[in-house]
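> Give the three-dimensional model of this entry:
(chains A and B)
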Amino acid sequence: MSAGRRREALLHALTATQGPMTVSQLALLTRASPRTVRYDLDDLARWLAPRGVTLVRRPRRGVWLEGELRPLGKAVPRHEAATADPFLPSPQRQALTAARLLATEAALAVRELTELLGVTRATVYRELDRVGARLKKRSLALERTRSGIRISGGETSRRWALYELLREWVLDADLREESSGRGSLDAAVGVRLLRELTARSAGELRALVADAAEAAAYPLTPAQAVGLLFWSAISEARLRVGCSVQLPERAVDGAGELAEHRLAVEVLRRLGFPGDHQEAAFLAMTARDARYGPSELRNLQAGRGRERARQAALEFTRQAGCLLGVRLEGDEDLIRGLVLHLEPALDRLELGVVTPNPLLDEIKAKYSGLFAVARQAAESLALPPSGLAEEEIGYLAMHLGAALERLAAPGGNVLRAVLVCEHGVGTAQLLASMLASRLPELLVCGFASSHEVERVAAECQADVVITTRPLAAAPLPAFLVHPLPDVIELVALRTRLQSLLRRPRTDRPLRTDAINGGAAPLMLEHVLTHDTVALDVEARDWQEAIRKAGELMVATGAVRPEYVEGMIRSVLTIGPYVVVGPGIAMPHARPEDGAVRVGMSCVRLARPVVFANKVENPVDLVFAFAAIDNQSHLTVMGQLAELLSTPPLVERIRRAKTVEDVLEVVHAVSAT
Amino acid sequence: MKILTVCGMGFGTSLMLKMFIQDLLKELNIKADTDVSDLGSVRGSQADLIVAPSDMKTHLVDLSIPVIFIENLIDKREIRSKVAPVLKQLHETAGGA
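Model prediction:
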């Protein structure tokens, strides 16, 4: 029976009986599976809503119509409903296929998939290959048996794969009640994915989780409320088909100690599956893991539980640096990444559980050296005798790889990226590490959830957005990637990023933060350019001279306008030594006065002016500069000192006919 | 041995001075730590010698640590002629002890 026919039959059945009908009755009637019927009911509800009829669905009671039915008459929504069925693009179809296969235990007939997706058998087969390739990363296998297709693999792997799907496709909007009607295509997919797992609506699930948290007196974080909603739906789906997780006894005992355990017990009771210790332990651990979302990733310093992880991260960094023969301690990105990984990893170590690392084999094969270093560095940490599992060491090795890439990355040619990945801390960090180690031209400078991208992107001056889920609107070029991208995807992403890099970027031509990580240093010739050198500038007094020099730094984006006033204030407060030598002044302000990056300008005045009452020493050369810390401008200052302390070079600037002549001098000291 | 260079903010002029002194130490083959400081925190710092712009004389008169004042902050000859003898002396004292 075609989708249109089925909906026709369903509407007739519902208008004829005018009382509740169960989904299984409707399934018998239309000879489709209960799941297919649920989708049809979704579409029917969408079709009926603007016609003043509500399709009511209540668990354990059934489905019925409310409202004025007569105007509907016999005008069955055959044609309209059929076209209202969104024709899903391939990635969305694959997500639905994977969800249905993961949720069920029995083999699935291909016919059920063609019904589900509204595509031909050939398309289903073709896409199954890709679904299989994805699942393989989670150690799951797609089996084709005579009775159909099924997935085999561990229960926890299966559940994590489901969680990953929900995280990828279910949008915030899907979780709000008001969006149940129409929405974007992706919203429709999100709702349908949840529907694969549970008969409850997102609103009902959210209420269930909130209610359980209240009963357990547990303060849910916003990230956790969403995470637990997903895990609840997954538990319900799997427990309904009789599949429970199996955890080591020690893990079950350990999880019993967690603050999240009571929360898990309350959730399971409300789902209708009380009393399963294994299940409660698993749900407690996943709830704990879901505490931190992208917003929390940024606020690392907070939280007492982090101290142990931070100490371990610092020690690991020191040891690994010694083994690799490089200095890594200054790399805050590395330390932050390690802390975020080590905190839950140390928890897991105590509990004796291991989170699967889908990349472990690849890491061991391709980065065997790094893996060995990570293992050795991890062994030097003061940890319980069992030590960190290989899965965890694999993650640490990825972080080390990223740090080494940052050391090697060329200074000027890097795109700053905000990462939108709401799959939890582990996955977001793993993705950041993968991107960093495979795409050295990319620097992940911040994490954001989808609704705060714009703000975070502005805060960390990002060039691009990398996201694991479709964004409604992005302030910058946005690239969609899978949370565990494969090599082909990464190569494609790299090609697209490089096309961006070739575009000239005049607004923010320099990247200075690499210097803190020890990468190629910023040189004098990077900051003194055509845009920041001016000759024979008119100025009545020293204040005007500073303003003229400051304007060049404002125009190139090195400082904000208030920085210029800061320079004038500094001269007034800390005195005349702004004049460092005969005719030369070096005004500057504090980084917090409005410095954006390391910057400098050189202004040669048409007529010398007196600075700060130093009448015996009027100034004709003004070198204004901005620093952002006490490190990143070291090379620049060293080269400027070299220039200024070499009288023939200063003389060449005084006698320069063009800006080019000045830049030649700058190049000369930059080359030394 | 530790040598502190000072300026108003601790990252501009003092940094240049510090670099010149590092060059000088290398030239004299003397090992010493060098650091920068801003005017506000110089009093709490531990050092054997302070080098500062001469415009700061009024702020740095009552210190127990010897201070060398530099007029032309970009003149390596002035810095060498004023600082090198003191460095040698400090080095010998430290070596003899």
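> From now on I want contacts and neighbour counts done on CA atoms only, so please keep to that.
Will do.
> how about residue A:271, phi and psi?
Main-chain torsions, residue A:271, degrees, to the nearest 10: phi -80, psi -10.
> State the distance from it to residue A:244.
14 Å (CA to CA, to the nearest Å).
> so which strand or helix has residue B:37?
When secondary structure is defined by DSSP states H and E, residue B:37 falls within strand B:33-38.
> which secondary structure element contains residue B:24?
Counting by DSSP H and E, residue B:24 is part of helix B:13-28.
> Buried residues of that helix, list them for me.
Neighbour-count burial for helix B:13-28, counted by 16 or more other CA atoms under 10 Å in any protein chain shown, picks out B:13, B:14, B:15, B:16, B:17, B:18, B:19, B:20, B:21, B:22, B:24, B:25.
> So which other helices or strands are in contact with it?
Helix B:13-28 makes packing contacts with helix A:634-644, strand B:2-7, strand B:33-38, helix B:76-96 when contacts are defined by 3 or more CA pairs under 8 Å, 6 or more residues apart in numbering or on different chains; DSSP states H and E.
> what does that helix rub up against?
For helix B:13-28, contacts defined as CA atoms under 8 Å, 6 or more residues apart in numbering or on different chains pick out A:580, A:634, A:637-638, A:641, B:4-7, B:31-32, B:34-37, B:51-52, B:73, B:76, B:79-80, B:84, B:88.
> Around chain B, which positions in chain A sit nearby?
With CA under 8 Å from any CA of the partner chain as the criterion, chain A meets chain B at residues A:574-577, A:580-582, A:588, A:590, A:627, A:630, A:634, A:637-638, A:641, A:644-645.
> try 7 Å
Residues of chain A lying near chain B by CA under 7 Å from any CA of the partner chain: A:574, A:576, A:577, A:580, A:581, A:630, A:637, A:638, A:641, A:644, A:645.
> can you tell me how far the closest residue to residue A:117 other than its chain neighbours sits from chain B?
Leaving aside its chain neighbours, residue A:117 sits nearest to residue A:93 (6.5 Å; criterion: CA to CA, 6 or more residues apart in numbering or on different chains). Distance, residue A:93 to chain B, using CA to the nearest CA, to the nearest Å: 58 Å.
> Verify the contact between residue A:93 and residue A:116 for me.
No - if you go by CA atoms under 7 Å, residue A:93 and residue A:116 don't touch, sitting 9.0 Å apart.
> just the buried residues of helix B:13-28 now: which is nearest chain A?
Closest approach to chain A among the buried residues of helix B:13-28 (CA to the nearest CA): residue B:16, at 5.8 Å.
> Report the separation between that closest one and residue B:87.
18 Å.
> Equivalent analysis for residue A:164, please.
Distance from residue A:164 to residue B:87, by CA to CA: 65 Å.
> the more surrounded of the two?
Taking neighbours as other CA atoms under 10 Å in any protein chain shown, residue A:164 and residue B:87 compare with residue B:87 leading, 22 against 19.
> if we can go back for a sec, just the buried ones from the contacts of helix B:13-28?
Applying 16+ other CA under 10 Å to these flags A:580, A:634, A:637-638, A:641, B:4-7, B:32, B:34-37, B:51-52, B:73, B:76, B:79-80, B:84 as buried.
> List the buried residues in stretch A:593-609.
Those would be A:593-605, A:608-609, for stretch A:593-609 by 16+ other CA under 10 Å.
> What lies in contact with it?
Residues from elsewhere that reach stretch A:593-609 (CA atoms under 7 Å, 6 or more residues apart in numbering or on different chains): A:512, A:527-528, A:532-539, A:541-542, A:549, A:552-553, A:558-560, A:562-563, A:566, A:618-628, A:633.
> Enumerate the residues of chain B near chain A.
Applying CA under 7 Å from any CA, we find that chain B lies next to chain A at B:8, B:11, B:16, B:19, B:53, B:55, B:72, B:73, B:74, B:75, B:76.
> Please repeat the previous calculation with a cut-off of 10 Å.
B:7-13, B:15-20, B:36, B:39, B:52-56, B:70-77 (CA under 10 Å from any CA of the partner chain).
> other SSEs contacting the strand or helix carrying residue A:65?
Using DSSP H and E, residue A:65 sits within strand A:62-67. In this structure, strand A:62-67 packs against helix A:3-17, helix A:23-30, helix A:34-48, strand A:53-58, with contacts taken as 3 or more CA pairs under 10 Å, 6 or more residues apart in numbering or on different chains; DSSP states H and E.
> where does the second one sit relative to the chain's centre, distance-wise?
Its chain's C-alpha centre lies 42 Å from the corresponding centre of helix A:23-30 when counted by CA atoms, centre = their mean, to the nearest Å.
> can you check the last one too?
Centre-to-centre, strand A:53-58 and its host chain are 38 Å apart (CA atoms, centre = their mean).
> Tell me what angle that strand forms with helix A:23-30.
Per axes from the mean of the first three to the mean of the last three CA atoms, to 10 degrees, the angle that strand A:53-58 makes with helix A:23-30 is 120 degrees.
> in strand A:53-58, what's buried?
Those would be A:53, A:54, A:55, A:57, for strand A:53-58 by 16+ other CA under 10 Å.
> for the closest residue in space to the first one that isn't next to it in sequence, what are its contacts?
Sequence neighbours aside, residue A:67 is the residue nearest to residue A:53 in space, at 4.7 Å (criterion: CA to CA, 6+ apart). With contacts defined as CA atoms under 10 Å, 6 or more residues apart in numbering or on different chains, the neighbours of residue A:67 are A:48, A:49, A:51, A:52, A:53, A:54, A:55.
> which pair in these spans the largest distance?
Greatest spacing in these, by CA to CA: A:51 and A:55 (11.2 Å).
> what about chain B, any weak spots by pLDDT?
Within chain B, the ranges that satisfy pLDDT under 70 run B:95-97.
> An error on my part: the question was meant for the stretch 101-250 of chain A.
A:172-187.
> for residue B:9, what are its contacts?
By CA under 10 Å, 6+ apart, the contact set of residue B:9 is A:570, A:574, A:588, A:589, A:590, B:15, B:36, B:37, B:38, B:39, B:40, B:41.
> no, scratch that, I was asking about residue A:149
Per CA under 10 Å, 6+ apart, neighbours of residue A:149: A:101, A:106, A:107, A:108, A:109, A:110, A:113, A:128, A:142, A:143.
> Likewise for residue A:375?
A:316, A:320, A:369, A:387, A:388, A:389, A:390, A:392, A:393, A:394, A:396, A:397.
> Can you tell me the element it falls in?
Residue A:375 belongs to helix A:368-379, assigned by DSSP H and E.
> What residues sit buried inside that helix?
In terms of neighbour count (16+ other CA under 10 Å), helix A:368-379 has its buried residues at A:370, A:371, A:372, A:373, A:374, A:375, A:376, A:377, A:378, A:379.
> And the pLDDT for the residue nearest to residue A:444 when sequence neighbours are not counted?
Leaving out its chain neighbours, the residue that sits closest to residue A:444 by CA to CA, 6+ apart is residue A:417, at 4.7 Å. pLDDT, residue A:417: 86.
> pretty sure residue A:417 is in a strand, no?
Yes - according to DSSP: H, G, I helix; E, B strand; the rest coil, residue A:417 belongs to a strand.
> count of residues packed around it?
With other CA under 10 Å as criterion, residue A:417 counts 25.
> secondary structure element for the residue nearest to residue A:117?
helix A:90-103.
> ok now that helix, how far from the chain's centre?
23 Å.
> Could you measure from residue A:145 over to residue A:125?
Distance from residue A:145 to residue A:125, by CA to CA: 14 Å.
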